[in-house]
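Novice: sequence-free structure coming up:
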């Protein structure tokens, strides 16, 4: 998540007055190693047992490749939609006062707090042909449930908070002077927004969209109920791993999982480096 | 229009723009978030209150509720303990690798829960290098409750630290350093100085961890084995019911989890309201 900034880092180096350095760092390292890093060894060993050609064969299987495509496209569209909707939400929450604002702010976190399986069955029911939304959309010939469109709906639902919560603090800190100058000089709202606000906002927006994309790539619970899970059409990669596991094909499941794991770790590190850099610029350090 | 423009100071302050944006946001939020939330309860009560209570009173459902609470009861204290220590170490000290540690901490956010479950299954299952040893000693972690607890700890471990870190950074270490100079012991320092400052964020971290712990689905479904009445947590039970065409029963169970989510949100709104009021008083 976004708000992990090292604000204190550039201060003059403190002598360690506070107690608990050894204890807290030691247990943190122990915890991270035991909970987060150690389990990866099992995956490494499992995939190392396979030959390279077998590994390649499994991860480039036609059905698996189709699942990468569905997952990446759906996550991309969902996170771009969230970029627009999330920016709008953050803007309205930061800039305006209106009754019910606090409720709206709390509602943004609903997808974080609501279990994904609950979101999944709810969206599947809403968008099914006899559901509230499904019936309406059917009149225009749009089918959402049990199609790739359903995957996009589920992914954007579960990852909306990422964009809002990344953009919101930056929008709050934006100083009004330049903006006021632009307006006073007679520039239109739109051009001030484009030329003055967007340049300081877009790094946060990109971070939020990237976080939303990463989360969507891995989303499972919300998606499988609404997707229909048809091989080659609406089967996501996480489900592909699950299917291989149910066939007791551990090596294949591990191979596909290693692809997903590497992709998400690369994205995670890239986002963190990128975020660290723009925040430094933003705070002038 | 002309007079409106003269008073306008910032972008989007013009009433026409302002109310259009608020309107669009409210409509979209209603459609995308509020209606789904309401429909959970609508679906749960569609056949009346009696059916709702009946489906919650089913022995398998009761067992799933019990197991879910049990898992949360073990997970939350573990993650609370390490979350506080993690936040303390990265906000109170400078050390090489500090940023790397904060990135590593985010792994559960980025990794698909199915992959998380698989990692644990490969290591602690009968074929894994630790699993083999466990098997020889007749210890089974996977497809049993310990495995469910382990993956739930994995998935929910960043939440407490993530809530604490920004707050503890913002508050700085001056108060605590003063306390040390005045001779406070480590425990006194934490209880009397740090804890009062972070208690609300800490509580929210705990509640959020709890909400995620009771709701974890992907990782748990890999390691649970889905044995009805034994290793079925509430989210897995909901899936079974739903796929068994017992939608009303599924939504009855789902309404319990939705209620926990709602309480989490209300609590968060309350904390933020308190915080704003405290800032205004200063």
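Specialist: Perfect, thanks for sending it. In this text the structure is predicted, and so the values were computed from the model without any measurement.

Novice: burial measure for the residue in the stretch 101-250 of chain B that chain A sits nearest to, as a count.
Specialist: Evaluated by Cβ to the nearest Cβ, the stretch 101-250 of chain B has residue B:215 as its residue closest to chain A, separated by 2.6 Å. C-betas here are computed from N, CA, C, even on glycine. Residues within reach of residue B:215, counting by other Cβ atoms under 10 Å in any protein chain shown, total 30.

Novice: Next: the one 4 residues further on.
Specialist: Other residues near residue B:219 come to 30 when the count uses other Cβ under 10 Å.

Novice: Repeat that for residue A:155.
Specialist: For residue A:155, the count of nearby residues is 30 (other Cβ under 10 Å).

Novice: so it makes contact with residue A:218?
Specialist: No - when contacts are counted by Cβ atoms under 8 Å, residue A:155 is not listed as touching residue A:218 (9.9 Å).

Novice: sorry, back to before: I figured the residue of the stretch 101-250 of chain B closest to chain A hits residue A:114, correct?
Specialist: Yes - between residue B:215 and residue A:114 a contact is recorded at 7.2 Å, counting by Cβ under 8 Å.

Novice: between those two, what contacts are shared?
Specialist: B:257, B:261 (Cβ atoms under 8 Å, 6 or more residues apart in numbering or on different chains).

Novice: Who are the contact partners of residue 251?
Specialist: I went with chain A, as the question did not name one. Residue A:251 neighbours (Cβ under 8 Å, 6+ apart): A:46-47, A:49-50, A:54, A:58.

Novice: other chain: chain B
Specialist: Contacts of residue B:251 by Cβ under 8 Å, 6+ apart are A:121-122, A:125, B:40, B:43-44, B:46.

Novice: Under the pLDDT cut-off, which ranges of the chain? List them.
Specialist: You didn't pick a chain, so chain A it is. Along chain A, the model assigns pLDDT under 70 to residues A:1-15, A:282-285.

Novice: Hmm, no, I was thinking of chain B.
Specialist: Applying pLDDT under 70 to chain B picks out residues B:1-8, B:282.

Novice: Break it down into its domains, please.
Specialist: Taking automatic domain parsing as the criterion, chain B consists of the domains B:1-44, B:47-281.

Novice: Pull the number of nearby residues for the closest residue to residue B:62 other than its chain neighbours.
Specialist: Once flanking residues are discounted, residue B:62 sits nearest to residue B:56: 7.7 Å by Cβ to Cβ, 6 or more residues apart in numbering or on different chains. Neighbour count for residue B:56, taken as other Cβ under 10 Å: 16.

Novice: Name the SS class of residue B:56, please.
Specialist: helix (DSSP: H, G, I helix; E, B strand; the rest coil).

Novice: and the gap between it and chain A?
Specialist: Going from residue B:56 to chain A by Cβ to the nearest Cβ, to the nearest Å gives 15 Å.

Novice: Just confirm residue B:225 contacts residue B:236, I think it does.
Specialist: No - at 9.8 Å, residue B:225 does not count as touching residue B:236 under the criterion of Cβ under 8 Å.

Novice: what about those two, which has more around it?
Specialist: When residue B:225 and residue B:236 are compared for neighbours, residue B:236 comes out ahead with 24 against 15, by other Cβ under 10 Å.

Novice: Apart from its neighbours in sequence, what residue is nearest the closest residue to chain B within the stretch 1-150 of chain A?
Specialist: Closest residue of the stretch 1-150 of chain A to chain B, Cβ to the nearest Cβ: residue A:115 (2.6 Å). Distance criterion Cβ to Cβ, 6+ apart; nearest residue to residue A:115, sequence neighbours excluded, is residue B:215 at 2.6 Å.

Novice: which phi and psi does residue B:173 have?
Specialist: phi -110, psi 10 (degrees, to the nearest 10).

Novice: Can you give me the neighbour number for it?
Specialist: Neighbours of residue B:173 using other Cβ under 10 Å come to 19.

Novice: how near is it to residue A:27?
Specialist: 19 Å (Cβ to Cβ, to the nearest Å).

Novice: before we move on, what about residue B:219?
Specialist: 23 Å.

Novice: try residue A:249
Specialist: Relative to residue A:27, and taking Cβ to Cβ, residue A:249 is found at 38 Å.

Novice: between those two, which one's more packed in?
Specialist: residue A:27 (18 against 14).

Novice: who's in contact with the residue lying closest to that one once chain neighbours are set aside?
Specialist: With Cβ to Cβ, 6+ apart as the criterion, residue A:27 has its nearest non-adjacent residue at 4.9 Å, and that residue is residue B:85. Residue B:85 makes contact with A:23-24, A:27-28, A:31, according to Cβ under 8 Å, 6+ apart.

Novice: among the residues you listed, which are in helices?
Specialist: Mapping the contacts of residue B:85 onto helices (DSSP state H) picks out A:23-24, A:27-28, A:31.

Novice: ok, back up a step: surely the residue nearest to residue B:62 is in contact with residue B:253?
Specialist: Yes - with contact defined as Cβ under 8 Å, residue B:56 counts as touching residue B:253 (7.1 Å).

Novice: hey, what's in contact with both of these two?
Specialist: With Cβ under 8 Å, 6+ apart as the test, residue B:56 and residue B:253 both reach residue B:65.

Novice: coming back round to it: which among the contacts of residue B:251 end up buried?
Specialist: The neighbour count (16 or more other Cβ atoms under 10 Å in any protein chain shown) marks A:121-122, A:125, B:40, B:43-44 as buried among the contacts of residue B:251.

Novice: how deep is residue 175 tucked in, by neighbour count?
Specialist: I went with chain A, as the question did not name one. 8.

Novice: other chain: chain B
Specialist: 14.

Novice: can you give me the helices in the stretch 1-150 of chain A?
Specialist: A:21-31, A:38-48, A:52-59, A:62-95, A:101-107, A:110-113, A:116-127, A:132-139, A:148-173 (DSSP state H, counting those that start in this stretch).

Novice: And the ones you listed: which comes nearest residue B:191?
Specialist: helix A:21-31 (15.4 Å; Cβ to Cβ).

Novice: and the closest residue to chain B within the stretch 151-285 of chain A, what is it in contact with?
Specialist: Proximity of the stretch 151-285 of chain A to chain B (Cβ to the nearest Cβ) peaks at residue A:218, 3.0 Å away. Applying Cβ under 8 Å, 6+ apart to residue A:218 gives the contacts A:238, A:260, A:264, B:110-115.

Novice: And residue B:188, by the same measure?
Specialist: Contact partners of residue B:188, counting by Cβ under 8 Å, 6+ apart, are residue B:179.

Novice: Nice, that's everything, thank you.
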